[in-house]
Structure formats: C-alpha cells, structure tokens
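Asks: Generate a structure from the sequence data that follows.
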Amino acid sequence: MDDQLDRAFAALSDPVRRAMVARLSRGPATVNELAEPFEISLQAVSKHISVLESAGLVWRTREAQRRPVHLDAAALERLTSWIDRYRLEAEQQYRRLDALLAAPPASSPEQSKRTKEKES
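Replies: Sure thing, here's the model as predicted:
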C-alpha cells in the first residue's frame, strides 16, 4: 500500500499530470483531448498517461479506434482517505491548543499570595 501511495503522490507531483487528472474527473478523454491544453508532443502526453497508469490513477479501454483514458476514482479516494486521517489528527491538536489558549490563566501559589497581600 505504501509503495502505491508513493507512486500516486509522485505521479501527482507534476503539474501536467495534475491537470490531466482534473480533466479526467469530468469524464474519459483520448490522448489528443488530453494534449489540447498543453504545448507538448503527443509522445510526452502518452508518457504522462503511462506514469498515471503505473501509479494506478488511470486506466484505458478500447472503443473501436479510440483508446480513452479513464480516471480511477477509487484510487483517488484512497489518497483522500490517507490525507484525511492526518488532517483530522492535526485538527484535533489545533482544537486542544485553541482550548488551552482560550482558558483563563491558572494562578500560581506565589501569585495567589501576592493577590491576598494586596487585598489586606
């Protein structure tokens, strides 16, 4: 599982591949359709798709002459779940810190003694 996460996050570290994933979130696309917004060769686009495919983020089908690329939503869900686990832990720590900072300061025995002396 860790190796698969590593490959997926490494694949998503590239802005072109992230843009491809964003495009595929709207539905399947061909290599030509994925290449449209970029000024890179079709060979480079195919290489990016291969990286996404080996990371388990996309898969291809054959429809006559077309070979559309599909986003694997379950793979993205696994990444999101992994991130959420640590996000929730961090949020709990921040809530505890917020509560601690919002609480009135506890007086030390020395401060209590000075307060009593001033009252006398």
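Asks: what about the helices in the protein?
Replies: Using DSSP state H, the helices of the chain run over 2-11, 15-24, 31-35, 42-54, 73-102, 109-119.
Asks: quick one, which of the ones you listed is nearest to R62?
Replies: Each of the helices of the chain has some distance to R62 by CB to CB; the shortest is helix 31-35, at 12.9 Å. For every residue, glycine as well, the C-beta is placed using N, CA and C.
Asks: got the CA positions of that closest one in CSV?
Replies: Coordinates of each C-alpha in helix 31-35 appear next as CSV, following Å, rounded to 0.1, in the frame of the first residue of the first chain:
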residue,chain,number,x,y,z
VAL,A,31,-4.7,11.3,-25.8
ASN,A,32,-5.4,14.0,-28.3
GLU,A,33,-8.1,15.5,-26.0
LEU,A,34,-5.7,15.4,-23.0
ALA,A,35,-2.9,17.0,-25.1
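Asks: From the contact counts, what lies against that helix?
Replies: The criterion is 3 or more CB pairs under 8 Å, 6 or more residues apart in numbering; DSSP states H and E, and the helices and strands that helix 31-35 contacts are helix 15-24, helix 42-54.
Asks: Buried ones in that helix, by neighbour count?
Replies: Neighbour counts using 16 or more other CB atoms under 10 Å place V31, E33, L34, A35 of helix 31-35 among the buried residues.
Asks: swap in stretch 33-46?
Replies: So, applying 16+ other CB under 10 Å, buried residues of stretch 33-46: E33, L34, A35, V45.
Asks: Turn those residues into a markdown table, including distance to W59.
Replies: Listed next are those as a markdown table, based on distance: CB to CB, whole Å:
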| residue | distance to W59 |
| --- | --- |
| E33 | 16 |
| L34 | 14 |
| A35 | 18 |
| V45 | 16 |
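Asks: Which of these sits closest to P68?
Replies: Distance to P68 across the buried residues of stretch 33-46 (CB to CB) is lowest for E33, with 8.5 Å.
Asks: so what's the closest one closest to, chain neighbours aside?
Replies: R23 (7.7 Å; CB to CB, 6 or more residues apart in numbering).
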